[in-house]
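Enquirer: Requesting a structural model of the entry that follows:
(chains A and B)
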Amino acid sequence: MKEIKLKVNHKDYHVAIEEDMRLLDLLRNRLNLTGTKEGCGEGECGACTVIMDGITVNSCMVMAFQAENREIFTIEGLEKGGRLDPIQQAFLDEGAVQCGFCTPGMVLSAKALLDKNPKPTREEIREGISGNLCRCTGYNKIVDAIEKASEYRKEE
Amino acid sequence: MKLHVVGQNNMRVDAAAKVTGKALYPEDVSLEGMFIGKTLRSHKPHACITIDTSRAEAMEGVVKVLTYKDVPHNHYGVLMKDHEVFCSEKVRRIGDPIAFVVAVDEEVASKALAKIKVEYRELKAVFDPEVAMHQDAPKLHGESNIVYHYKLRQGDIEKGLEESAVVVENTYVTPMVDHVFLQPEAGVAHMEKDTIVVTTATQYPHFDQLEIAEALEVEKEKVKVINAAVGGAFGGREDITLQIHLALATKLTGKPVKAVYSREESFIAHAKRHAMVMTYKTGADEEGKLKAMEARIIGDTGAYASWAINIMRKAGVHATGPYEIPNVKVDSYAVYTNNPFGGAMRGFGATQPPIAHEQQMDMLAEALNIDPISIRLTNAFKIGSKTATGQILKDSVPLRQCIEAVAEKLGFSVVSRGV
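Expert: I've put the predicted structure just below:
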């Protein structure tokens, strides 16, 4: 057992973890943030993507102790005052959500991209979500949504 | 008539929950005091087995180890009841479920799996469906490995081939394919008084309810299946995986029981798209008009039938492709082997034959020095066409427009020859 401090979705946590615990398990099982999904457990599918200090990581490939003193964003941290983040809204408006299992990771990859590059080309968007697999949509609607999200964020 | 749904963009009812991470997939459901279940699976493709669970059951934290002895009616399956809930005497593929450990947590459950002793007496296995069709091949179930034979006869195939200016004959193979739905199988079962409640992600909740009730020999009304958010399926959630295991575990322990498969276990647990071997003989006259088509399609359904009958029938019905052919002979088969079992997957048997019939069209076109677009337009179904199975197509056959639109976008100039 080890005690760590970290910030998740603007909130400070002080939690006891096991040494072999993954960040994914910390989020899902300890903090009950089940919006982060496990699709493969080996860093291939991106369903467990979260943002750690501004960079997307596969939370199945990060140990919980590595999150010590870090700032994490999960899908639960995106809404502001009950209002959807523009990226979430764009995913809805463009019909980019089907089974939804890849969606949290996709949205967070989109956020990390748009935070750095507010007006990406479609090619840059594809690059930005290249670590996230989707088996339903064929990706086009997701790329459309991220393009639209870029416009929404400009308007805000 | 103004349509309110068709042609309109509508928001999915569950999209907002999914985009905020609030949608609950079965692995997101946790119940107070629940146990964790893990499945022991066969490492051999074909073997007689004896099982000793005593060392696992003696472990601290192990609540119960379920085997075939615990299942009142140890059979299930969508069309043929050829699956056992847990293998009793024989395993027929790598991945067949043998036992289900119910323990206080995942760590104990995993350790307990390693303590179950399974003795395998290996049997000769068969992995090639063509070999499996022979009478002297190792048998999976009963007397023959041929589960199903679909026959289609139209016109006179010999005459049609004789009258053809060109005949092309080839064999095509397609591999098994996994759905890789992004959410691996998961579920939680609990008791609501004397009703068994199974929360899972399924394509077939009503049938799951029936199969659980039959296996447990309880009334259907005493089984409730709740479909949580389904993280993709594509046919891969039509067969039962963990539903009966969980239902039985909660019934026997009285406590909630949860199971979540890893990606690796998911691959092993559920059905695959049927691998097919398709031998085609197609003949056309000098103008490219199809005269005859003979096809023999062998579908590898692996260790269990699942939807093989419907799938191989569909493969046979679609064997001609969307073309008018006066003389047709099709034989399609579903065959048991010791491979992973074949089942529903996007297209349900209609996906594989185009690999064969479209390549045949291209090769006929090449042999006749006709362009590949023209030969298709010459033979394409249109309103009033009669299919090889005798169906008259009465309306909505926009194939020609589709081919023409594709040709135009490709910048392909069609050399019309008797079209």
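Enquirer: near chain A, which residues of chain B?
Expert: Neighbours of chain A within chain B, by Cβ under 8 Å from any Cβ of the partner chain: B:9, B:11-12, B:14-25, B:27-28, B:179-184, B:229-234, B:262-263. Every residue, glycine included, has its C-beta placed from N, CA and C.
Enquirer: Buried among those? Need that as a selection in ChimeraX.
Expert: Buried residues within the residues of chain B next to chain A, by 16 or more other Cβ atoms under 10 Å in any protein chain shown, are selected in ChimeraX with:
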select /B:15,16,17,18,19,20,21,22,23,25,27,28,179,180,181,182,183,184,229,230,231,232,233,234,263
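Enquirer: Now look at the helix ranked longest in chain A and say if it contacts chain B.
Expert: Counting by DSSP state H, the longest helix found in chain A is helix A:140-155. No. Figure legend: helix A:140-155 not in contact with chain B (Cβ under 8 Å from any Cβ); closest approach 9.7 Å.
Enquirer: how about that helix: buried residues?
Expert: Applying 16+ other Cβ under 10 Å to helix A:140-155 flags A:141-150, A:152-153 as buried.
Enquirer: Just give me the closest of the residues you listed to chain B.
Expert: A:Ala145 (9.7 Å; Cβ to the nearest Cβ).
Enquirer: what sits against the closest one?
Expert: A:87, A:90-91, A:93-94, A:96, A:110 (Cβ atoms under 8 Å, 6 or more residues apart in numbering or on different chains).
Enquirer: swap in B:Val260?
Expert: By Cβ under 8 Å, 6+ apart, the contact set of B:Val260 is B:26-27, B:184-186.
Enquirer: which non-adjacent residue is nearest the residue of the stretch 251-400 of chain B found nearest chain A?
Expert: As assessed by Cβ to the nearest Cβ, chain A sits closest to B:Arg263 within the stretch 251-400 of chain B, at 4.4 Å. Nearest residue to B:Arg263 in three dimensions, chain neighbours excluded: A:Cys40, at 4.4 Å (Cβ to Cβ, 6 or more residues apart in numbering or on different chains).
Enquirer: One more: B:Pro175?
Expert: B:Ala275 (5.4 Å).
Enquirer: Any idea what that neighbour is bridged to?
Expert: Counting by DSSP bridges, B:Ala275 is bridged to B:Asp300.
Enquirer: So B:Met59 versus B:Lys222, what's the distance?
Expert: Per Cβ to Cβ, to the nearest Å, B:Met59 is found 31 Å from B:Lys222.
Enquirer: what bridges to B:Arg121?
Expert: Note on B:Arg121: beta-bridge partners by DSSP bridges are B:Cys48.
Enquirer: Assess the claim that it and B:Ala47 are in contact.
Expert: Yes. Applying Cβ atoms under 8 Å, one finds B:Arg121 in contact with B:Ala47, separated by 5.9 Å.
Enquirer: Of these two, which one has the most company?
Expert: Taking neighbours as other Cβ atoms under 10 Å in any protein chain shown, B:Arg121 and B:Ala47 compare with B:Ala47 leading, 21 against 10.
Enquirer: wait, the more buried one sits on B:Glu122?
Expert: Yes. B:Ala47 sits in contact with B:Glu122 when judged by Cβ under 8 Å, with a separation of 4.7 Å.
Enquirer: Now do the same contact list for the residue of chain A found nearest chain B.
Expert: Closest to chain B within chain A is A:Gly35: 2.0 Å, counting by Cβ to the nearest Cβ. By Cβ under 8 Å, 6+ apart, A:Gly35 lies in contact with A:74-76, A:104, B:20-22.
Enquirer: Same question for B:Val19.
Expert: A:84, A:88, A:91-92, A:97, A:100, A:103, A:107.
Enquirer: With B:Met276 instead?
Expert: B:Met276 neighbours (Cβ under 8 Å, 6+ apart): B:172-174, B:297-300, B:315, B:352-353.
Enquirer: Find the nearest non-adjacent residue to the residue in the stretch 1-150 of chain B that chain A sits nearest to, please.
Expert: Nearest residue of the stretch 1-150 of chain B to chain A, counting by Cβ to the nearest Cβ: B:Gly21, 2.0 Å away. Of all residues not flanking B:Gly21 in the chain, A:Gly35 sits nearest, at 2.0 Å (Cβ to Cβ, 6+ apart).
Enquirer: Helix, strand or coil: sort out A:Val57 for me.
Expert: strand (DSSP: H, G, I helix; E, B strand; the rest coil).
Enquirer: Number of residues surrounding it?
Expert: Neighbours around A:Val57, by other Cβ under 10 Å: 22.
Enquirer: how close does the nearest residue to it once chain neighbours are set aside get to A:Leu27?
Expert: Spatially, and ignoring its direct neighbours in sequence, A:Val57 is nearest to A:Val50 (6.3 Å; Cβ to Cβ, 6+ apart). Taking Cβ to Cβ as the measure, A:Val50 falls 7 Å from A:Leu27.
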